[in-house]
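**Student:** what's the 3D shape of this:
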Amino acid sequence: MKAPAPVLLCLLIVLAAHGEESLPHHELTYAVLEQLDISGNLQAGEAGLELPQELVVQVTQAEEPVADVPVRFAVTAEPRANATPQSQARLSDTLVRTDPLGFARTRLQLGRATGDYQVSARAGNRELAFTSTALRRGWYFVATAQFLGALALFLFGLYYGSKGLRRVAGKRLRALLFSLTANRFLGVLVGIIVTTVLQSSGATTTLLIGLASAGILGLGQALGVILGADIGTTLTVQALAFRLYDYALVAAGGGFLLMLAHRRLRNIGQAVFGFSLVFFSLGLVVAATEPLRYLPATASAVAFLGRSPWLGLGFALIFTALVRSSAATIGLLVGLSFTGLLDLRAALPFILGANIGTGFAAVLASWRAGVEARRIAAGHVLFKVAVVAVCLPLLPWLARLIAATAGELPRQVANAHTLINLFAVALFLPLLGPYRRLLEKLVRSRPAEQFGPRYLDPRAVETPELAVAQATREVLRMGDRVQRMYLRAFTVFSERDKEGRRDLVAADDQVDELETGIHTFVARVAQEEMPEELSRRVIALFHATDALEHIADIISKNLMDYAHKNIEQGLAFSAEALEDVRDFHAEIAENLAGALACLATWNTDLASRLAAAKNRGIERQRQLQNRHLARLGRGRCEELDTSSIYLDFISDLERVNFQCAQIGFAVLESAHARRQRTKTRR
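**Tutor:** Model (predicted):
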């Protein structure tokens, strides 16, 4: 009995469907061509637009491609916001037969809503799932702007937080550096502490350059501190490796409240607020760079960096030299590692480059400094270069070693930075003696060092305690030069010394240069927030510098003018007149020495005696004028010939005494402000 035609037709359809479902020996895989994934899985594109890459699968049998196999594609999941058919995702083809290479291709146009989309590919009873992400239109520009903004916020937070920390630890920081000994282990410890406060090993080295230029510490002491500084900067990176950015705004709010709560808590609040911004900006970096992991070019770039370590090293070196902080560079590297964009092998050259780049700020700071400062800067850079030269050939082995220290990539990056710098300490600490001698041979004194401020480090401005100490030392240096000018002035006048006169006139130009440098530096320091006591001391230094410059002008423009007349005209002073001028000059020399001692010690008793000497100087001038008039009354001809110069000379000596007294008044005003504040507290 023959079956009816409709029944046979249904049976054929069922058998055909069953045949499509059962491809017993066929395998369905994501398409790979010459070991390169061309499947288009895990793509990202702009919402409403077609994905840049096709979705491709491959059908094989016994690892050989199979042609003419039907593959069905379907959108299986998309954001709920795509409620209408017009807003939903669409495939260019839903049923595709494989080509001779076994490939089946289709294109996906994303829906209007951002979010994740899933497409299934089915051949027989085999099925694969494709995941794609729709990003908002123009996300490239938004992500770039967000990354740059996050970078700016990161650097600002690092600067602002470390500035608050420096203010909290200012006095202790200065005491630590000033009490350094030749003990290399103590130097390493001090370097760790100071860099934890300054948040930059480059800043620590620059500070050491200023102290070395000031003669406060030598090369041997500084080298140990540099090694410790390299460890200190790793502590910041270790903290950044914790995923704390989700809580950063809470901490920032707490820091802001501390800043408002009380003056004593303001600096602590600033430190908390600043470092909270650092963590918050890391979260922004993660959000801005997250879409990059969907781009096929990203994987290629990471693979290229792994094969070309010099490229990553050079980029990190330049970036670190610009921002002057290896912690900033590696902190951003930690942020990128949260997204999974980099692997450890690609990250290591960046870490090595950042370690070298941080030394360039010190090199620039020491360019016009003394030989000891240049040796410190060179020592810092050579430390880094030597460590990189050892580590670079060992990158594969180093990557395996560091990968064993932690399971998560951010922690591995932080550990790599720490281990590399610990290796540097272990390598160089026993060799500091020979290394110091090598630097002394490599970096020699210049034939003629250019005159100028020696102790003023512009980077110390952000730490007012240290900046005021440096300014005080520079003012004392200026005072020493003025004192030598003053002590020599009477001898040049009385002995008609032409060469000496030229020297003193030229010395005034050097004093003017110091005065300009000190005033500029002190004016910058005055703009910083600081305690009232320190602010008053800054004002006192400004007035003291002004007074010393006036004394130098009196010597070069007035006293040396009298010396010139004496040399040219051969003036004859009486023995009594010359003795009076010599005695008055000697009395004021003692007051000038007292003024410098007053600046060095800020002793109020000494300042009081100095201020009282103002009236004594005026009285002494009157006595000498009366003695001169008495000699004129006795008809002494030489007194008449030199009367004008004599009276002008003692008048100018009294003006020098007045400027010395001004220094005493400045110190007293500074101390008075401190006593007033103490009484208020009581």
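
**Student:** What helices and strands are in contact with the helix ranked longest in the chain?
**Tutor:** Longest helix in the chain, counting residues (DSSP state H): helix 643-681. If you count contacts as 3 or more CB pairs under 8 Å, 6 or more residues apart in numbering; DSSP states H and E, helix 643-681 packs onto helix 532-553, helix 560-569, helix 575-601, helix 604-633. For glycine as for every other residue, the C-beta is placed from the backbone atoms N, C-alpha and C.

**Student:** give the contact list for the closest residue to V194 other than its chain neighbours.
**Tutor:** Leaving aside its chain neighbours, V194 sits nearest to T204 (5.2 Å; criterion: CB to CB, 6 or more residues apart in numbering). Counting by CB atoms under 8 Å, 6 or more residues apart in numbering, T204 makes contact with G191, V194, T195, L198, V225, I226, A229, G232.

**Student:** Tabulate those residues (TSV), appending distance to A321.
**Tutor:** Formatted as TSV, these follow (distance: CB to CB, whole Å):
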residue	distance to A321
G191	21
V194	21
T195	18
L198	17
V225	21
I226	17
A229	17
G232	19
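
**Student:** residues in contact with stretch 540-548?
**Tutor:** 468, 471-472, 475, 478-479, 482, 511, 515, 518-519, 522-523, 526, 595, 599, 659-660, 662-663, 665-667, 669-670.

**Student:** re earlier: just the contacts of T204: which are in helices?
**Tutor:** G191, V194, T195, L198, V225, I226, A229, G232.

**Student:** Quick one: buried ones out of those residues?
**Tutor:** Using 16 or more other CB atoms under 10 Å as the burial test, these include G191, V194, T195, L198, V225, I226, A229, G232 as buried.

**Student:** low-confidence ranges in the stretch 551-682 of the chain?
**Tutor:** Applying pLDDT under 70 to the stretch 551-682 of the chain picks out residues 572, 634-641, 672-682.

**Student:** Which residue lies closest in space to I618, excluding its sequence neighbours?
**Tutor:** Spatial nearest neighbour of I618, excluding adjacent residues (CB to CB, 6+ apart): E654 at 6.4 Å.

**Student:** my read: that neighbour touches N615, true?
**Tutor:** No - assessed by CB atoms under 8 Å, E654 is found out of contact with N615, at 10.9 Å.

**Student:** Compare neighbour counts for those two and give me the winner.
**Tutor:** Taking other CB atoms under 10 Å, E654 and N615 do not tie; E654 has more neighbours (19 against 11).

**Student:** what sits against the residue nearest to I618?
**Tutor:** G617, I618, R620, Q621.

**Student:** ok, back up a step: quick check: of the contacts of T204, which lies closest to A77?
**Tutor:** G232 (50.0 Å; CB to CB).

**Student:** from what I can see the closest one touches I192, true?
**Tutor:** Yes - between G232 and I192 there is a contact under CB under 8 Å: 4.2 Å.

**Student:** buried subset of the contacts of E654?
**Tutor:** By neighbour count, with 16+ other CB under 10 Å, the contacts of E654 hold G617, R620, Q621 as buried.

**Student:** Flag the helix or strand of this protein with the lowest per-element mean pLDDT.
**Tutor:** helix 5-21 (a mean of 48; mean pLDDT, DSSP states H and E).

**Student:** For L394, grab the count of nearby residues.
**Tutor:** By other CB under 10 Å, the residues close to L394 number 11.

**Student:** Please report how far it lies from C598.
**Tutor:** L394 sits 59 Å away from C598, going by CB to CB, to the nearest Å.
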